[in-house]
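1. Fold the following and give me the result.
(one chain, ligands or ions: 1)
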Amino acid sequence: MARKFFVGGNWKMNGDFASVDGIVAFLNQSADNSNVDVVVAPPAPYLAYAKANLKAGVLVAAQNCYKTAKGAFTGEISPAMIKDLGLEWVILGHSERRHVFGESDALIAEKTIHALESGIKVIFCIGEKLEEREAGHTKDVNFRQLQAIVDKGVSWENIVIAYEPVWAIGTGKTASPEQAQEVHEWIRAFLKEKVSPAVADATRIIYGGSVTADNAAELGKKPDIDGFLVGGASLKPDFVKIIYARS
Ligand SMILES: O=C(COP(=O)(O)O)NO
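-> Okay, the predicted model is just below:
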């Protein structure tokens, strides 16, 4: 089946009202493209402002959330709050949440279940570290991270999987189209075996890790690369070229 292209912009912990205005301006000036789902993820303080100022064709996601609706969890935000803002997406399991903030596969799975049950769609991030790849564990690591939500029996129609090799994030060392396609193929085969052929065929698997306007087109030509999750390059006007990479 044809999977609709998906381009996410993960702003990470960057920005202020002036820079948000600049990003909103180049996104609002870009031509609408009904062939691509575009979802940008500002830092939490700017979620409402970004949503209020972006055109309808650009959706807004939170970069993280906790696993319950409310309670004594200082510093956290909940899927209920994301929904209260009128948003419908959240990024979960980003490698920075895993390796900087120590989030476990189990916690990320609990967060994913709770977000989906709260009516929030999930960009579910996986990816191996350089030493894991060099040790030949790329498949094991990504499958282990995915298994955590397979075990929870999640409904897949509101999940986009983002394969983001940690060694490519923020390094300028983008995975080659062949390297990325190989892992995306493994992920789709994993879904076919562990879930169903229909879910494997329908689930979008997007690539993240030093995607730029210069490499997006070649990556986007690969059959199992259904889009991108873009960090640094999503803060600049060239992000629009990445949105149009497959057009
Ligand atoms: O973390 C990333 C990728 O970041 P970069 O594009 O800056 O490598 N996306 O969530």
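2. and residue 119, what is it in contact with?
-> Residues in contact with residue 119 (Cβ atoms under 8 Å, 6 or more residues apart in numbering) are 79, 83, 88. Bear in mind the C-beta positions are built from the backbone N, C-alpha and C, glycine included.
3. Ignore what I typed, I meant residue 128.
-> Residue 128 touches 137-138, 141-142, 165-167, counting by Cβ under 8 Å, 6+ apart.
4. Can you select the buried ones from the residues you listed in ChimeraX?
-> Entered in ChimeraX, the line below selects the buried ones among the contacts of residue 128, by 16 or more other Cβ atoms under 10 Å:
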select :138,141,142,165,166,167
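5. Tell me which of the contacts of residue 128 fall in helices.
-> Among the contacts of residue 128, the members falling in helices (DSSP state H) are 138, 141-142.
6. Can you give me the buried ones in stretch 151-159?
-> Buried residues in stretch 151-159, counted by 16+ other Cβ under 10 Å: 154, 156, 159.
7. least confident pick among those?
-> Across these, the bottom pLDDT score, 91, is held by residue 154.
8. and that one, that's in a strand?
-> No: the assignment for residue 154 (DSSP: H, G, I helix; E, B strand; the rest coil) gives coil, which keeps it out of a strand.
9. Surely it and residue 114 touch.
-> No: using Cβ atoms under 8 Å as the test, residue 154 is too far from residue 114 to be in contact (10.9 Å).
10. Flag every residue of this protein that's near the ligand.
-> Within the chain, the positions near the ligand by Cβ under 6 Å from any ligand atom are 10, 94, 164, 169-170, 208-211, 229-233.
11. quick check, nearest of those to the ligand?
-> Proximity of these to the ligand (Cβ to the nearest ligand atom) peaks at residue 231, which lies at 2.2 Å.
12. what's the neighbour count on the nearest residue to that closest one once chain neighbours are set aside?
-> Nearest residue to residue 231 in three dimensions, chain neighbours excluded: residue 10, at 5.1 Å (Cβ to Cβ, 6 or more residues apart in numbering). If you count neighbours by other Cβ atoms under 10 Å, residue 10 ends up with 26.
13. now the residue nearest to residue 186 when sequence neighbours are not counted: how far from the ligand?
-> Closest residue to residue 186 apart from its sequence neighbours, by Cβ to Cβ, 6+ apart: residue 139 at 5.6 Å. Note on residue 139: its distance to the ligand, by Cβ to the nearest ligand atom, to the nearest Å, is 21 Å.
14. For residue 139, grab the count of nearby residues.
-> Neighbours of residue 139 using other Cβ under 10 Å come to 17.
15. what's the answer for residue 45, then?
-> Residue 45, neighbours per other Cβ under 10 Å, totals 11.
16. And it, how close does it get to residue 14?
-> 12 Å (Cβ to Cβ, to the nearest Å).
17. Same list, the contacts of residue 128, but as JSON lines with pLDDT and distance to residue 150 please.
-> Below are the contacts of residue 128 laid out as JSON lines (pLDDT from 0 to 100; distance: Cβ to Cβ, whole Å):
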{"residue": "137", "pLDDT": "98", "distance to residue 150": "19"}
{"residue": "138", "pLDDT": "98", "distance to residue 150": "18"}
{"residue": "141", "pLDDT": "98", "distance to residue 150": "15"}
{"residue": "142", "pLDDT": "98", "distance to residue 150": "12"}
{"residue": "165", "pLDDT": "98", "distance to residue 150": "21"}
{"residue": "166", "pLDDT": "98", "distance to residue 150": "21"}
{"residue": "167", "pLDDT": "98", "distance to residue 150": "25"}
